[in-house]
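> what follows is a predicted protein model with its sequence.
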2 protein chains.
Amino acid sequence: MAQQHLEPTDPVSRHVGPVTGDALAGYLRAQATEFLRALRLHRESGGTTAAGAGPGAEDPVDAARALRRSLRRVSASLHTFRPLLDPDWSESLRPELAWLSGTLGMEHAYESRLERLLLALHRLSGAVFPAQHIAGTAPDPQHSGSPTHPAAPDRGNLTVGAAKAGALLDRQLTLARTRAHSTALQALGSSRFHAVADCIAVLASEVPLVQSAPATDLRPLATAAEERLADAVTALPLVTAGHPYNAEALIHGLSPDPAPHPQDTPWHQVRLLLRLHRYAREVLQGTGAPVDVRLFDAGRALDRHRDASEAAAAAAQAARTPRIAPATAYALGVLHADQRHEVEAARFTFQQSWQKHPVST
Amino acid sequence: MAQQHLEPTDPVSRHVGPVTGDALAGYLRAQATEFLRALRLHRESGGTTAAGAGPGAEDPVDAARALRRSLRRVSASLHTFRPLLDPDWSESLRPELAWLSGTLGMEHAYESRLERLLLALHRLSGAVFPAQHIAGTAPDPQHSGSPTHPAAPDRGNLTVGAAKAGALLDRQLTLARTRAHSTALQALGSSRFHAVADCIAVLASEVPLVQSAPATDLRPLATAAEERLADAVTALPLVTAGHPYNAEALIHGLSPDPAPHPQDTPWHQVRLLLRLHRYAREVLQGTGAPVDVRLFDAGRALDRHRDASEAAAAAAQAARTPRIAPATAYALGVLHADQRHEVEAARFTFQQSWQKHPVST
């Protein structure tokens, strides 16, 4: 997804022959430049997600996304190609990038989590959205009958419990999102941020490589990143994941623990390792190189895994709100289970796409 | 499942050459005899599911099962091979068999529904039963940590909401089961039942065939039953069902309609048609013939579909109980969704087993 937004004129595109520290420097300069461009756009738009932004203009949401995207790539490259970079510089910058990336990502995370949960509530209520139709499914005659039940809703309307659950989630996640927005704005005005931005501004022209870097081959480091990914994937319960409807993801679905799913952690870890591998490939092959379909599909499945996992937790959390109606709690229970099945479905999809194109280590 | 309980000494076993009304008469006599035997056992045991029945003895549960099994086969044969049987006799007997079959089946249905729901609640609470382990799954470190949550349960214990939901379901379904038991006992003492039993007693020695029956080939009628099955299967949304995690079965999971799943009906219908086809095969091939794995697997999947569908409805129904705690309602919501996913999983399994061995019509 990110690829198409990157400069196709990247200097290392379609690089042939040995790939050395120069390619890394070029990649980091390009990402730093992209960060500065996105930061300028973000400042010009005032940093608020105002509805007034023109349809053609790059709005603050896009600018914030571009900021995060370049941050992730710089951060990943500092990690994967650490031996080629000035250690003091990279070790001091990395936690700052992680802080900034995390801070800037929260608003979007809450927003998309709410959207995912409200969409699911609509789907669960039988209010089908066109995009959710699956080929081969006959139209459902659900609301054509049932004369004994006067409260039967029209298509597109939520049922009482679902509507209340949706309103509760809306309140809670909108509040969290608003707070995240303020935190992000505060962060962007802080001296801590200005130090990071200055550091990246320097990076846009001058990458602090170690002396041996221009003659060092990047490929062993990229291969090591790929191997870390392959090892982590091997440790996943892929046999279970490849068995549809294995009912694993909902085990502990009724646990009183607010974070009852340690089983998700290795999958989240693979998601991060896959990203590191993907960015390392970008450094080697240039950002203009064709997207690897396997990595793209697998990464999307793991994004969905993470999103569904967090959405399920949010539904469970909302169900702990004091004094909610039983109908609301029931709807949140159905929603929680639905999202945990999304988690399981995402694991299945990952397993399928990974199986289809075996990784070469 | 039923096959292995039938007499392997059935007179039409391994019949070769044309199969005529004589085979039907033999089959009906055998089933009627089996019914009378089961009825005698049921009466001797007092008809109550007493815990005092010895482990080797055929207990009243087995006797009731044998009663239902023979009833289903007689009823199915009257339907499939109608043209060979005295029309007045068979048309008057069929509704009586349906009544008796339905009445005798309710107690068992409530019992197994409760068992299914309580097992699911345990699974959802992370109380793993040995039989539910899936190969390739690593042991779950769920309850090793979480020191911030003092209420974290031991494995094997239910959480508060799950325990309350289980108690509520236990009360409701045990009450329903007790009522069904009384109704069945009343039915077995009624003059209506005695009329059916007399009719079946006559059938055990004298099958009222039409005059042409001994010379009539049964196979066209059996083929017609198979074609009705094949047509009904063709009308199922098998493409969707074969796409794992299609999220179809939980659409309308939050509908206020107490029976919100008309999408289940064609599957239930196929289950009945598959049974008719299976019993017609028994008539033709003899009950000692080898079990068709495809039919067996497909039938089991549809049984599971029906059971999960009804269990999901029971969970939704229980959630409508006034004045339940939100935690109870939440657990019932999770449980409902879990059982609806079982419904979806059963459709997937049916699609897979059907695909594997294409039906010849």
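Done, it's in. Numbers count the residues shown, from 1 in each chain, chains lettered A, B, ... in the order given.
> going forward, measure contacts between C-alpha atoms and count neighbours the same way
OK.
> from residue B:234, how far off is residue A:76?
52 Å (Cα to Cα, to the nearest Å).
> what's the answer for residue A:309, then?
With Cα to Cα as the criterion, residue A:309 and residue B:234 are 36 Å apart.
> quick check: residues of the stretch 151-300 of chain A near chain B?
A:151-152, A:159-162, A:237-240, A:244-246, A:250-257, A:260-263 (Cα under 8 Å from any Cα of the partner chain).
> and the spatially most central residue of chain A, what is it in contact with?
Nearest residue to the geometric centre of chain A (Cα atoms, centre = their mean): residue A:303, 5.0 Å. Residue A:303 sits next to residue A:271 when contact means Cα atoms under 8 Å, 6 or more residues apart in numbering or on different chains.
> tell me the pLDDT at it?
Per-residue confidence (pLDDT) for residue A:303: 98.
> repeat for the one 3 residues further on
On pLDDT, residue A:306 comes in at 97.
> and stretch A:277-288, how far from the chain's centre?
19 Å (Cα atoms, centre = their mean, to the nearest Å).
> mean confidence score for that stretch?
For stretch A:277-288, the per-residue pLDDT averages 88.
> on that earlier part again, any of the residues of the stretch 151-300 of chain A next to chain B buried? List them.
A:152, A:159-162, A:237-238, A:240, A:244-246, A:250-257, A:260-261, A:263 (16 or more other Cα atoms under 10 Å in any protein chain shown).
> ok, now which ones touch the residue lying closest to residue A:101 once chain neighbours are set aside?
If the residues on either side of it in the chain are set aside, residue A:101 comes closest to residue A:68, at 5.8 Å by Cα to Cα, 6 or more residues apart in numbering or on different chains. For residue A:68, the contacting residues are A:101, A:104, A:105, by Cα under 8 Å, 6+ apart.
> residue A:68: which element?
helix A:60-80 (DSSP states H and E).
> what comes up buried for the next helix-or-strand element following that helix?
Counting by DSSP H and E, the next helix or strand C-terminal to helix A:60-80 is helix A:87-124. Across helix A:87-124, burial judged by 16+ other Cα under 10 Å covers A:90, A:93-94, A:96-97, A:100-101, A:103-115, A:117-124.
> what about helix A:87-124, average pLDDT?
96.
> what packs against it?
For helix A:87-124, the packing partners by 3 or more Cα pairs under 8 Å, 6 or more residues apart in numbering or on different chains; DSSP states H and E come out as helix A:60-80, helix A:160-188, helix A:191-203, helix A:293-319, helix A:326-356.
> so where is chain A shaky, pLDDT-wise?
A:1-17, A:47-58, A:127-158, A:256-260, A:287, A:357-361 (pLDDT under 70).
> neighbour count winner among residue A:76 and residue B:234?
residue A:76 (23 against 10; other Cα atoms under 10 Å in any protein chain shown).
> if I pick that one, what's in contact with it?
Taking Cα under 8 Å, 6+ apart as the test, what residue A:76 contacts is A:276, A:279, A:280.
> and it, how far is that from chain B?
Distance of residue A:76 to chain B, computed by Cα to the nearest Cα, to the nearest Å: 30 Å.
> go on, residue A:90?
In terms of Cα to the nearest Cα, residue A:90 sits 34 Å off from chain B.
> go on, residue A:70?
34 Å.
> wait, that residue sits on residue A:31?
Yes: counting by Cα atoms under 8 Å, residue A:70 does reach residue A:31; the two are 5.3 Å apart.
> mind checking which of those two has more residues around it?
residue A:31 (26 against 23).
> list the buried ones in the one helix or strand the more buried one maps to?
Take DSSP H and E as the rule and residue A:31 turns out to sit in helix A:21-44. For helix A:21-44, the neighbour count (16+ other Cα under 10 Å) marks A:21-36, A:38-39, A:41-42 as buried.
> hang on, the earlier thing: of the contacts of residue A:76, which is the nearest to residue B:295?
residue A:276 (49.3 Å; Cα to Cα).
> gap between the closest one and residue A:298?
According to Cα to Cα, residue A:276 stands 13 Å off from residue A:298.
> how about residue A:118?
From residue A:118 to residue A:298 the distance is 25 Å (Cα to Cα).
> check residue A:241 too.
13 Å.
> and residue A:206, by the same measure?
34 Å.
> between those two, who's got more neighbours?
residue A:298 (22 against 13).
> so who does that one touch?
Contacts of residue A:298 by Cα under 8 Å, 6+ apart are A:349, A:350, A:353, A:354.
> and the furthest pair within the residues you listed?
Among these, A:349 and A:354 lie farthest apart (Cα to Cα), at 8.4 Å.
> ok, the two, which is more surrounded?
Comparing residue A:349 with residue A:354 by other Cα under 10 Å, the one with more neighbours is residue A:349, at 24 against 17.
> any idea how far the more buried one lies from chain B?
From residue A:349 to chain B the distance is 9 Å (Cα to the nearest Cα).
> the residue nearest to that residue when sequence neighbours are not counted: what's it in contact with?
Distances taken as Cα to Cα, 6+ apart place residue A:301 nearest to residue A:349, at 6.1 Å, with adjacent residues excluded. Shown in contact with residue A:301 (Cα under 8 Å, 6+ apart): A:346, A:347, A:349, A:350.
> again, but for residue A:328
A:160, A:161, A:162, A:164, A:165, A:319, B:326.
> at 6 Å instead, please
A:161, A:164, A:165 (Cα atoms under 6 Å, 6 or more residues apart in numbering or on different chains).
> quick one: which of the residues you listed is nearest to chain B?
Chain B has its nearest neighbour among these in residue A:161, at 7.6 Å by Cα to the nearest Cα.
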